[in-house]
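> Quick check, what structure comes out for this input:
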Amino acid sequence: MAQIQYKNITIDYTATGKGTAVVLLHGFLENQTMWQYLAPVLATKYRVITIDLLGHGNTDCLGYVHTMEDQADMVHHVLHELKIRKSVLIGHSMGGYVALAFAELYPDNVKGLVLLNSTSRADSDERKLNRDRAIAAVKQNYTAFVRMSIANLFSEDNREKLAETIESVKLEALKTPLQGIVAALEGMKIRNDREVLLHFGPYPIALILGKKDGVLPYDDNVTQVENTRVQLTTFPDGHMSHLENQKALEKTVMAFLKTV
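Numbers count the residues shown, from 1 in each chain. Got it, this is the predicted structure:
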């Protein structure tokens with residue numbers, strides 16, 4: 001782990017390998033350890049950067065709301081410090097929202113985009129209400145909220161089979177400070193719709209979805225790639241493709257990176 005100072009806070013990141021830069025952005029209640037399997041595989045052929053997003057992992061909170069633009073500006077700062085001008089961004093869930101914000105703010109710095117168990121669309125009114133409910137729930141019972149949130153990310157078929165893995169994901173999630181959780185929920189709630197990027201982004205884009213994703217319903221999300229050049233991959237499981245479909249994901253990402 002290495003560190004960079006940004007706006008009086010400390011950002012934790014790692015950089016391994018050589019070649020085209022590939023930036024891995026974790027999701028809500030996660031940190032850069034989620035890439036423990038994918039990062040070493042990619043680092044055999046690429047320069048891989050993992051970053052703890054604001055209020056997650058070992059990166060401090062910047063405020064009480066972390067917008068996707070705040071996160072993207074921080075990522076841009078890290079890449080600037082590492083003298084990386086162009087990179088492929090791979091974002092899981094909230095990390096995908098950050099990658100899209102980055103692509104909108106810094107289009108000349110994007111070589112390719114992978115949205116993993118993520119969406120380019122803004123929250124619906126119902127989802128915004130659910131974010132508010134989640135904020136109330138985590139303030140009331142932090143541990144119960146985190147443990148339940150993580151379990152729901154896996155398809156029901158995998159909850160018993162991957163029980164040990166799920167427990168370790170929960171333990172990592174429980175390192176996320178309350179302020180970081182609330183700031184992320186507030187930021188996701190107000191994020192902009194960026195579906196237009198799927199239509200007009202001048203770089204290769206891939207969308208990877210889980211058929212049994214309980215967080216982002218497949219049938220709703222698959223429609224965003226209609227009439228686009230986005231490469232769609234569908235896995236049979238839930239929201240955690242990097243764990244539920246680990247080997248297949250490695251193959252999919254490696255194949256995509258050859259196209260950029």
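> Every contact and neighbour count from this point should use C-alpha atoms.
Fine.
> Low-confidence ranges, the chain, go.
For the chain, not a single residue meets the criterion pLDDT under 70.
> ok, longest helix in it?
Criterion DSSP state H: the longest helix present in the chain is helix 125-140.
> Only the buried residues of stretch 81-100, if you could.
Within stretch 81-100, the residues that count as buried by 16 or more other Cα atoms under 10 Å are 86-100.
> Tell me the helix or strand right after the longest helix of the chain.
Once helix 125-140 ends, the next helix or strand along the chain (criterion: DSSP states H and E) is helix 142-151.
> which residues make contact with that next one from outside it?
Around helix 142-151, the neighbours that count as contacts under Cα atoms under 8 Å, 6 or more residues apart in numbering are L29, A134, A137, V138, R159, I166, V169, K170, A173, L174, L178.
> Would you pull up how far that helix lies from the middle of the chain?
Centroid separation for helix 142-151 versus its chain: 18 Å, with Cα atoms, centre = their mean, to the nearest Å.
> can you give me the strands in the stretch 51-200 of the chain?
With strands called from DSSP state E, counting those that start in this stretch, the stretch 51-200 of the chain shows them at 87-92, 110-116.
> For these, give me a markdown table that also has distance to Y37.
Shown next, in a markdown table, are those (distance: least, Cα to Cα, whole Å):
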| stretch | distance to Y37 |
| --- | --- |
| strand 87-92 | 14 |
| strand 110-116 | 15 |
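> And the helices in the protein?
Using DSSP H, helices in the chain cover 38-42, 68-81, 94-105, 125-140, 142-151, 158-161, 163-173, 178-189, 196-200, 218-221, 241-244, 246-257.
> out of the ones you listed, deepest packed?
Mean neighbour count (mean count of other Cα atoms under 10 Å) peaks for helix 94-105 among the helices of the chain, with a mean of 25.
> okay, the angle between that one and helix 68-81?
70 degrees (axes from the mean of the first three to the mean of the last three Cα atoms, to 10 degrees).
> elements contacting helix 94-105?
Contact here means 3 or more Cα pairs under 8 Å, 6 or more residues apart in numbering; DSSP states H and E; on that basis helix 94-105 packs against strand 21-25, helix 68-81, strand 87-92, strand 110-116.
> the inter-axis angle of that helix versus helix 178-189?
Using the same axes, to 10 degrees: helix 94-105 against helix 178-189 is 60 degrees.
> outside of helix 94-105, which residues touch it?
Applying Cα under 8 Å, 6+ apart, the contact partners of helix 94-105 are 25-28, 68-69, 71-73, 75-76, 89-91, 109-110, 113-116, 118-120, 188, 191, 194, 197.
> Quick check: the residue lying farthest from the centre of the chain vs G238, distance?
Distance from the C-alpha centroid of the chain, by Cα atoms, centre = their mean, peaks at Q140 (25.9 Å). Taken as Cα to Cα, to the nearest Å, the spacing of Q140 relative to G238 amounts to 27 Å.
> Equivalent analysis for T67, please.
Remark: distance between T67 and G238 (Cα to Cα) = 26 Å.
> These two: which is more packed in?
Shown here are T67 and G238; by other Cα atoms under 10 Å, G238 has more neighbours (27 against 24).
> V215 against D237, yeah?
No. If you go by Cα atoms under 8 Å, V215 and D237 don't touch, sitting 11.8 Å apart.
> Those two - which one has more neighbours?
When neighbours are counted by other Cα under 10 Å, V215 and D237 differ, and D237 comes out ahead with 22 against 16.
> what's near enough to touch that one?
Shown in contact with D237 (Cα under 8 Å, 6+ apart): F154, S155, G210, K211, K212, D213, E244, N245.
> Only the buried subset of those, as a PyMOL command please.
For the buried members of the contacts of D237, the matching PyMOL selection, counting by 16+ other Cα under 10 Å, is:
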select buried, resi 154+155+210+211+212+213+244
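> In JSON lines: the contacts of D237, plus distance to V253.
Shown next, in JSON lines, are the contacts of D237 (distance: Cα to Cα, whole Å):
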{"residue": "F154", "distance to V253": "20"}
{"residue": "S155", "distance to V253": "21"}
{"residue": "G210", "distance to V253": "15"}
{"residue": "K211", "distance to V253": "18"}
{"residue": "K212", "distance to V253": "20"}
{"residue": "D213", "distance to V253": "19"}
{"residue": "E244", "distance to V253": "15"}
{"residue": "N245", "distance to V253": "12"}
